[in-house]
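**Student:** requesting a structural model of the entry that follows:
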Amino acid sequence: MKKISSLILAALLVAALFAIPLNSLAKEEASEPVGISDAAGFAAMETGGSYYLTANITVSETHTAAFAGTFDGKGFTITTTAPLFDRFEGTAKDLTIEGTVTSSADRGGAFCNTISGETTLSGIVNKAAVNGSTSKVTFADALELNGSYGGIYGTTEEKVPLTIENCVNYGKITGYTAGGISGKSNAILTMKNCKNFGDVVGTDVGAGLIAWTWGDFLIEDCANGSESSAPDITAESDAPGGIISYISGSTNGTCRNCVNWGTVHSTDSNAGGIVGRSGDKGDQTYENCVNYGNIVSTKSDAGGIFGATGGAGTRTFKNCVNRGKIYTEAENADAGGIVGFSKAQGTRVYEGCVNYAEVEGAHVGGIAGNDRSAVSVSRCANYGEIKGRKQAAGIIGSLGDGETSAPSSVEYCANEGKITATKDTAGGIIAYANGSTARTLTIKACYNTADVTGGCEASGILGYINGAPDTSVTLCFNTGKIASTDSGEKPIALYYNKAEGAKTKDTAKGNFYLAGCAEKEARNGADYLDATGVPEADFKSGKVCYEINQAAGEEIFFQTIGTDPVPTFSTASARVLFENGEYKNPSEPAPSTDPVTPPTPPTGDSAVIFVAVAIVSVIGTAVAVKIRKGFSA
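**Tutor:** Numbers count the residues shown, from 1 in each chain. Okay, the predicted model is just below:
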């Protein structure tokens, strides 16, 4: 009987446990969210609480107490004349802000002045203009702010984790340091699918999204403007950028699938379609980024992706594209389709980058204008017209510096845009390279089909290199007309290596050029090589394509005979065979090609719910139950 009673008691205890609500098992029961329907309720919110809007409201004063909780706009709108929060940490989502926000403090944003702790912002839409101080403001704490203003927030505390998703700014942002989303950010930042449609004017720096960052970052699927609405980004003192204006030294980051549509204009410093400039350290990657806007710098360097980048560290540019005109006005200001200027000592990697637009400046290149670092360039192309006041080339205008001691390579690159250098050197691939026995240069499987005109030296592939006797130029071809406006210089079909004891003639193998395209084939030291070249028929027939591939031992070039006038890298064209004394394409269809395009942002959502139910029996057994619900990718 006692045994039966014990079993009944145990069963009743287990049943009672199942009747307890799940949330009551937590150590602290979460408070119920509180609805806000007016300005008084907004002002009364307590730190650490959870709040949501129940209606559109109007406020005129900032919530000055440090807020560390949850705020859900529920899709409603707050109309305001002041930043909604002074200091915010926690979660905020689904809110629209309207009005005009004016701040005379050292920081300001329509949503908040400062992100003060770990924060997630999602679906915040700002339509309010933000007017901040346009001169330096004495900073109020350990952060040197100098006036930081953004469409969403002004600045952040140091190294706080910050996630921003699906946030948009439509308001015009004005201030000393101004950004469509943020003024200054020292956070560990993740930003995804954010956009700016408002004009930005910074008297120091200005950007479509983040004016100044000195914290590590991941920025994905973001844009400044759209094809139908392209905001202007202007900085009067420092370097404006379509996405970021300035990245401080030692910052690491990745910027992927980002687009600039707006005009970016600097009156005193660098300008870039994605980034204005960066400091001297840190490793950064820019992948699948595109610029459509015109990029203009009055006094300094400009680039379609990056205006100017610092020295130490690795900067990688992968599958980036420029379609906007790049122009610098100052006599010595450099310009590039991807990067305008890069300091020495670091490493630059350019892979699969393309320029389609006109680029004009001092040292100018379709990919890089003046890159003083060691570079690795592969599968890049230029189709835009390149105009250099000094040096101009389809890929890199000026390469290398005495502070760099590492070799560089340029492989599988193409130029099909007209090249003109008014005063100095021009090259189809590289105009000028500062070489040494350590700073060697390898150019492999590159071609030029456009006219190249130099103010002095001019060559179809490499305009001029000094100090690097072991420079290698192999498996290249040139069909463009080469000319020089200096009567003392002889136009060259392939390359000019000025180094004492230049050995390029011993390693220059598998190269071809169109007969009559230049006065000389190449120059090693003081010695010219006489030009012979091959007739146009050899290019059209597929002979050159076949012979370069044979020399390489692999199929580098393709050519659909009768359609392609010269070999191409595109696998949409056919392979070239030599059978029965004839160059021909195989009878099977040409291989399909997969163009490099930015990956489609993921859609759908995942929901995995884990429910732990503690079941305590008379013998102390714990049972955990996991429920998985609704997963979609």
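**Student:** so where's the stretch 1-150 of the chain uncertain?
**Tutor:** Per-residue confidence of the stretch 1-150 of the chain (counting by pLDDT under 70) places the weak regions at 1-30, 137-146.
**Student:** how about the helices in it?
**Tutor:** Secondary structure of the stretch 1-150 of the chain (DSSP state H, counting those that start in this stretch): helices at 2-19, 39-43.
**Student:** do the chain as well
**Tutor:** In the chain, the segments counted as helices under DSSP state H are 2-19, 39-43, 504-507, 536-540, 543-552.
**Student:** residues of the last one that come out buried?
**Tutor:** Using 16 or more other Cβ atoms under 10 Å as the test for burial, helix 543-552 gives 543-549, 552. For every residue, glycine as well, the C-beta is placed using N, CA and C.
**Student:** and the third one, by the same measure?
**Tutor:** Judged by neighbour count using 16+ other Cβ under 10 Å, the buried positions of helix 504-507 are 504-505.
**Student:** return that helix as CSV; C-alpha atoms alone will do.
**Tutor:** In CSV, the C-alpha atoms belonging to helix 504-507 read as follows (Å, rounded to 0.1, in the frame of the first residue of the first chain):
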residue,chain,number,x,y,z
THR,A,504,64.2,40.5,-70.7
LYS,A,505,65.3,39.6,-74.2
ASP,A,506,66.3,36.2,-73.0
THR,A,507,63.0,35.5,-71.1
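**Student:** make 8 the starting number, not 1.
**Tutor:** Sounds good: first residue 8 from here, last item helix 511-514.
**Student:** and it, what other elements does it pack with?
**Tutor:** Helix 511-514 sits against strand 479-481, strand 527-531, with contacts defined as 3 or more Cβ pairs under 8 Å, 6 or more residues apart in numbering; DSSP states H and E.
**Student:** what helices and strands are in contact with the first one?
**Tutor:** What it means is strand 479-481. Strand 479-481 sits against strand 448-451, helix 511-514, with contacts defined as 3+ Cβ pairs under 8 Å, 6+ apart.
**Student:** comparing these by mean pLDDT, which bottoms out?
**Tutor:** In terms of average pLDDT, helix 511-514 trails the rest of the helices and strands packed on strand 479-481, at a mean of 84.
**Student:** touching, N200 and N173? I think so.
**Tutor:** Yes. Between N200 and N173 a contact is recorded at 5.1 Å, counting by Cβ atoms under 8 Å.
**Student:** got the helices and strands packed on helix 511-514 as JSON lines, with mean neighbour count columns?
**Tutor:** Converted to JSON lines, the helices and strands packed on helix 511-514 look like this (neighbours: other Cβ atoms under 10 Å):
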{"stretch": "strand 479-481", "mean neighbour count": "22"}
{"stretch": "strand 527-531", "mean neighbour count": "22"}
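**Student:** would you list these in TSV and tack on distance to I568 and mean pLDDT?
**Tutor:** TSV is the format used below for the helices and strands packed on helix 511-514 (distance: least, Cβ to Cβ, whole Å; pLDDT from 0 to 100):
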stretch	distance to I568	mean pLDDT
strand 479-481	24	97
strand 527-531	26	96
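**Student:** possible to save the ones you listed as CSV with distance to G318?
**Tutor:** As requested, the helices and strands packed on helix 511-514 are exported to CSV (distance: least, Cβ to Cβ, whole Å):
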stretch, distance to G318
strand 479-481, 26
strand 527-531, 32
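**Student:** so for G55, which of these sits nearest?
**Tutor:** Among the helices and strands packed on helix 511-514, strand 479-481 comes nearest to G55, with 65.9 Å by Cβ to Cβ.
**Student:** so what's the gap between the closest one and the chain middle?
**Tutor:** 31 Å (Cα atoms, centre = their mean, to the nearest Å).
**Student:** give me the sheet partners of it and which way each runs.
**Tutor:** strand 448-451 (parallel) (DSSP bridges).
**Student:** neighbouring contacts of the strand it pairs with?
**Tutor:** For strand 448-451, contacts defined as Cβ atoms under 8 Å, 6 or more residues apart in numbering pick out 406-407, 414-419, 436-437, 440, 442, 468-469, 472, 475, 478-483, 502.
**Student:** for stretch 529-546, same thing?
**Tutor:** Contacts of stretch 529-546 (Cβ under 8 Å, 6+ apart): 466, 484, 486, 497, 499-512, 515, 519-528, 550-551, 572-574.
**Student:** that one: which residues count as buried?
**Tutor:** Residues 529-531, 536, 538, 540-541, 545-546 are the ones in stretch 529-546 that count as buried (16+ other Cβ under 10 Å).
**Student:** ok, stretch 351-368 next?
**Tutor:** Across stretch 351-368, burial judged by 16+ other Cβ under 10 Å covers 351-368.
**Student:** tell me which residues of the lengthiest strand in the chain come out buried.
**Tutor:** The longest strand of the chain (DSSP state E) is strand 92-109. Using 16+ other Cβ under 10 Å as the test for burial, strand 92-109 gives 92-106, 108-109.
**Student:** which strands or helices does that strand pack on?
**Tutor:** strand 74-79, strand 84-87, strand 119-133, strand 136-138.
**Student:** for A315, which of the ones you listed is the nearest?
**Tutor:** Nearest to A315 among the helices and strands packed on strand 92-109 is strand 136-138 (27.4 Å), distances taken as Cβ to Cβ.
**Student:** what pairs with that closest one, parallel or antiparallel?
**Tutor:** When DSSP bridges is applied, strand 136-138 pairs with strand 92-109 (parallel), strand 180-186 (parallel).
**Student:** can you state the direction angle for the last one and strand 119-133?
**Tutor:** Direction vectors for strand 180-186 and strand 119-133, defined by axes from the mean of the first three to the mean of the last three Cα atoms, to 10 degrees, enclose an angle of 110 degrees.
**Student:** ok, residues contacting strand 180-186?
**Tutor:** Residues from elsewhere that reach strand 180-186, judged by Cβ under 8 Å, 6+ apart: 115, 136-144, 152-158, 187, 190-191, 205-219, 252.
**Student:** residue boundaries of the strands in the stretch 458-607 of the chain?
**Tutor:** Taking DSSP state E, counting those that start in this stretch to define them, one finds strands in the stretch 458-607 of the chain at 459-461, 465-466, 469-473, 479-481, 484-485, 489-491, 499-504, 519-520, 527-531, 534-537, 584-586, 589-591.
**Student:** and those strands, which is most packed in?
**Tutor:** The highest mean neighbour count among the strands of the stretch 458-607 of the chain, using mean count of other Cβ atoms under 10 Å, belongs to strand 465-466: a mean of 33.
**Student:** contact partners of that one?
**Tutor:** 428, 432-435, 459, 489-491, 496, 498-503, 525, 529.
**Student:** again, only using 10 Å
**Tutor:** Around strand 465-466, the neighbours that count as contacts under Cβ atoms under 10 Å, 6 or more residues apart in numbering are 399-400, 426-428, 431-438, 455, 458-459, 471-472, 480, 485, 489-493, 496-503, 525, 527-530.
**Student:** and it, what's its mean pLDDT?
**Tutor:** Average pLDDT, strand 465-466: 98.
**Student:** now that strand: how far from the chain's centre is it?
**Tutor:** Distance of strand 465-466 from the chain centroid (Cα atoms, centre = their mean) equals 32 Å.
**Student:** repeat for stretch 311-331
**Tutor:** Put simply, stretch 311-331 sits 6 Å off its chain's centre (Cα atoms, centre = their mean).
**Student:** residue ranges with poor pLDDT in this protein?
**Tutor:** Across the chain, the ranges flagged by pLDDT under 70 are 8-37, 144-153, 596-640.
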